[in-house]
Every structure is written in structure tokens, then in C-alpha cells.
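Visitor: Predicted model and sequence below, questions to follow.
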Amino acid sequence: MASFLQALKSQVGRKILTGVTGVGLIIFIIFHLATNLQVFGDVHAFNEAAYALESMGWLLYILEAGLAVAFLLHAYVGISIWWRRRKARPRGYEKYQSKGGPSHVTWASKSMIFTGIVLLVFLIIHLDTFKFADPGTVILPGGGEARDLKALMLATFQQPIYAFGYTAVMILLGFHLGHGFWSAFTSLTMKHNRYSALIYAAGIVFALLMAVGFLFIPLYIYFGGGCEAALIQCQ
């Protein structure tokens, strides 16, 4: 515990923790998008996927607890790094100078604290809307009784405030991931000048895929296509 707290105070330790938690959250985002896209599959596919996860019991609680710790730790370390840099450079990021190598100072990199805080607030709203909601139940083809999360998603994204609000946040997620992907590999000392540009380009492509994948869901549902795919009538 003492060494962990010491790592939180050291510059190298904070960067490594940011990188490790960042990679963990990237893996979760990929899995989460893959699961959510099943709403456009078979009529029961999304609820069956959610039911399979919830059937994991205590193992799911452990995974969720680990994810929560990773997210909070990532946020804490990120805010800590930003605050220390702000105190060290009171003139702000406009005067930032790259210490050699290709510069990756962009709006995305300079706004990480802003997009990160927005995503933190969004997560709270997202959990309240879907995780802790009571959408009713549905009987699956296999006989299991599952929470009807598909109906909840369709009903939620028929509301403009949710459909377009989620879309806006997913655009910010893209900016955050675009720089965060490269930064995570840098923090874990995987950066090499020869491959830095390639890793950065891969991060941009990854961020675009994730952002477009996530924002496609509410927009498609809002404009009616999601309801047709789900074989139910929009209200």
C-alpha cells in the first residue's frame, strides 16, 4: 500500500497508472460497443447478451468493482497530472513546448481534462439511466427471465435530449480516445520515435471507430431505423 501511494505521488508512477488504467478502459469500451451493437441483431440478441453477463453473479460484481476502481483511479491521476502542470505553467497550455520528436499537441490533448470530466458526469447519468433502472422483464427463447434492456434503450433514445445528448458526448469521447490511445502507449514506455506517428494514427482511427459506433446507435434509433430493426413500433 505504501509503495502504491508513493507511486501516485511520483511523476513516473502516475504516468504508468494512467497508461495501465487507460488500456483497461479501452478494452472495456471495445467490449461495451460490441455488446451494444447487438441491439441491431436478432430480436433477443441484446437482452440475451445482458442476461449472460448478469448470470455471472459474483464474478460480474468483481469485474464491475475493478472497472470502477480503474475509472476512478484514471480520473484521479489525470486530474492530478493536469493540476500539477497547471501550477507549474500558470500561463496555460497555449505556451506549451514539445520536448523534441513529433508534437502531438492538439485540441484533443489540451482538452483532456474537460472531456474527461464530461465523460465522468456522463457515466453517472448513463448508470442511472440503464444500470439502475427497472425496465421490466422479458422471457428469452431459452426460458430465462431477463431485464428488458433493449426496450429501455429504444424508449430512451426516442427522446431528443438523450439521442442528441449522447451523440454529443460520444463526439467528445472520440477526442478523448484519440489522444488517450497514444498517451497510454507512451505512458507504458511503448513509444519509439520510429513508430510514434503510426501509433498516433492508429489511435485516431480507433477513436473514430468507437465514436461513430456509439453515436450511430442513438441516432439510428431516434430516426426510426432502430425500431424497425427491433421489430417493434416506435411511440
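Guide: Received the coordinates, thanks. Numbering: from 1, shown residues only.
Visitor: show me where the protein has helices.
Guide: Secondary structure of the chain (DSSP state H): helices located at 2-9, 11-36, 45-54, 58-88, 107-110, 112-126, 149-156, 160-187, 196-222, 225-229.
Visitor: Return the per-residue confidence for residue 3.
Guide: The model reports residue 3 with a pLDDT of 64.
Visitor: actually residue 49, not the one I wrote
Guide: Residue 49 carries a pLDDT value of 93.
Visitor: Pull the number of nearby residues for it.
Guide: Using other CB atoms under 10 Å, residue 49 has 20 neighbouring residues. C-beta: built from backbone N, CA, C; applies to glycine.
Visitor: try the one 4 residues further on
Guide: Neighbouring residues of residue 53 were enumerated by other CB under 10 Å; the total is 14.
Visitor: Show the contacting residues for residue 183.
Guide: Contacts for residue 183 (CB atoms under 8 Å, 6 or more residues apart in numbering) come out as 18, 19, 22, 109, 112.
Visitor: distance of residue 215 from residue 167?
Guide: For residue 215, the distance to residue 167 equals 5 Å [CB to CB, to the nearest Å].
Visitor: Show me the shaky parts of this structure.
Guide: For the chain, the stretches with pLDDT under 70 are 1-9, 12, 89-105, 107-108, 187, 189-194, 225-235.
Visitor: Quick one: residues contacting the spatially most central residue of it.
Guide: By CA atoms, centre = their mean, the chain has its centre lying nearest to residue 29, at 5.0 Å. Taking CB under 8 Å, 6+ apart, we find residue 29 in contact with 177, 210.
Visitor: and if we set it to 7 Å?
Guide: For residue 29, the residues meeting the contact criterion (CB atoms under 7 Å, 6 or more residues apart in numbering) are residue 210.
Visitor: next one: residue 88
Guide: Residues counted as contacts of residue 88 (CB under 7 Å, 6+ apart): none.
Visitor: still on that earlier bit, quick one: which of the contacts of residue 183 has the most company?
Guide: Ranked by neighbour count (other CB under 10 Å), the contacts of residue 183 have residue 18 at the top, with 24 neighbours.
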